[in-house]
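Student: below is the sequence, then the predicted model.
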Amino acid sequence: MASILNRVPYLGKRRADPEPDGEYFEPEGPESFGEMTLQEHLEELRTRMLYSSVAILIALVAGLALSFPVLNMIAEQARVPAEGIQVINPTEGFVTFFKIAIYIAIALAMPILVYQLVAFVAPGLTRSERTYVYRAIPFVALSFAFGLAFAFFVVIPRALDYLEGFGSGTFGWNPRAEDLISFYLRLMLGIGILFELPPFMFVLAKIGVVNHRRLASIRKFAFVGCMIAAAIITPTPDPFNMMLVAIPAYMLYELGVILARFARPTNS
């Protein structure tokens with residue numbers, strides 16, 4: 001066991017496997033990969049986590065400054081009563097303020113967090129693969145930002161309209177701070193991740209993991225997956241809001257298939 005753990009290769013070292021069209025993709029050569037001991041792996045992981053933590057702490061300064069303006073935007077969009085968002089214990093308002101600040105900090109630091117993740121696994125990729133993965137980071141970050149905006153300005157207002165209108169003659173609308181923030185976070189995070197599909201699929205095709213033929217052949221499964229993801233993300237049972245997420249998600253998948261068609265694998 002000690003001899004096995006003595007040398008732990010980076011994930012990503014691959015054998016040449018045939019693609020459906022019969023082509024083989026060979027690695028660029030042994031010098032393109034790196035091997036590290038288990039201790040070196042752990043040290044590298046610690047370094048990347050440290051850089052990520054520092055990035056979040058720096059972004060937290062902006063998060064603290066933006067927390068109340070964002071909370072006011074949420075309250076206005078959710079049409080919270082004049083007395084404000086409800087809190088039911090003395091610390092809930094304070095905790096909600098810092099929770100929003102942390103979420104903002106993570107969103108602002110997302111490009112750096114993605115970079116640190118890529119840098120950790122990069123030694124297991126060939127030189128050309130590393131180049132394309134690094135180039136994809138800005139597009140991944142922009143896609144995530146577009147997803148957040150789509151959720152905030154399109155999906156959430158319509159979901160709130162449905163929820164507020166349900167039983168309006170019986171129920172009074174006075175949301176609790178923690179529940180309202182969790183509602184926004186769930187929708188925005190889920191839709192933000194869905195919007196990262198196209199650049200992610202392009203990178204996978206570029207490094208030869210999949211190709212556009214394979215992605216096109218599983219369209220029906222992708223559509224079902226989009227419907228399931230939309231049902232999980234959207235909090236309302238009505239089909240309109242679910243389709244408001246499912247249709248854009250499937251369109252993003254089709255965009256990913258188109259991008260994969262133009263992605264010539266780096267090892268071909």
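Tutor: Perfect, thanks for sending it.

Student: which secondary structure element contains Glu43?
Tutor: Glu43 belongs to helix 38-77 when assigned by DSSP states H and E.

Student: so which elements touch that helix?
Tutor: The elements that helix 38-77 packs onto, with contact taken as 3 or more Cβ pairs under 8 Å, 6 or more residues apart in numbering; DSSP states H and E, are helix 92-108, helix 110-121, helix 156-165, helix 177-194. The way it works is simple: take the backbone N, C-alpha and C, and place the C-beta from them, glycine included.

Student: and the residue lying closest to Phe183 once chain neighbours are set aside, what is it in contact with?
Tutor: Nearest residue to Phe183, sequence neighbours excluded (Cβ to Cβ, 6 or more residues apart in numbering): Pro235, at 6.5 Å. The neighbours of Pro235, taking Cβ atoms under 8 Å, 6 or more residues apart in numbering as the test, are Ala159, Leu163, Phe183, Arg186, Leu187.

Student: so for Gly169, what's the pLDDT?
Tutor: For Gly169, the pLDDT comes out at 66.

Student: just Leu11 next, same as before
Tutor: Looking at Leu11, the pLDDT reads 43.

Student: so the closest residue to Ala263 other than its chain neighbours, which of the three states?
Tutor: Nearest residue to Ala263 in three dimensions, chain neighbours excluded: Ala205, at 3.9 Å (Cβ to Cβ, 6+ apart). Ala205 falls in the helix class when you classify it by DSSP: H, G, I helix; E, B strand; the rest coil.

Student: my read: Ala205 touches Ala260, true?
Tutor: Yes. Counting by Cβ atoms under 8 Å, Ala260 is a contact partner of Ala205 at 3.7 Å.

Student: what sits in contact with each of those two?
Tutor: Contacts common to Ala205 and Ala260, judged by Cβ under 8 Å, 6+ apart, are Asn211, His212, Leu215.

Student: now a PyMOL select for only the buried ones of those residues.
Tutor: In PyMOL, this line selects whichever of the shared contacts of Ala205 and Ala260 come out buried by 16 or more other Cβ atoms under 10 Å:
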select buried, resi 211+212+215
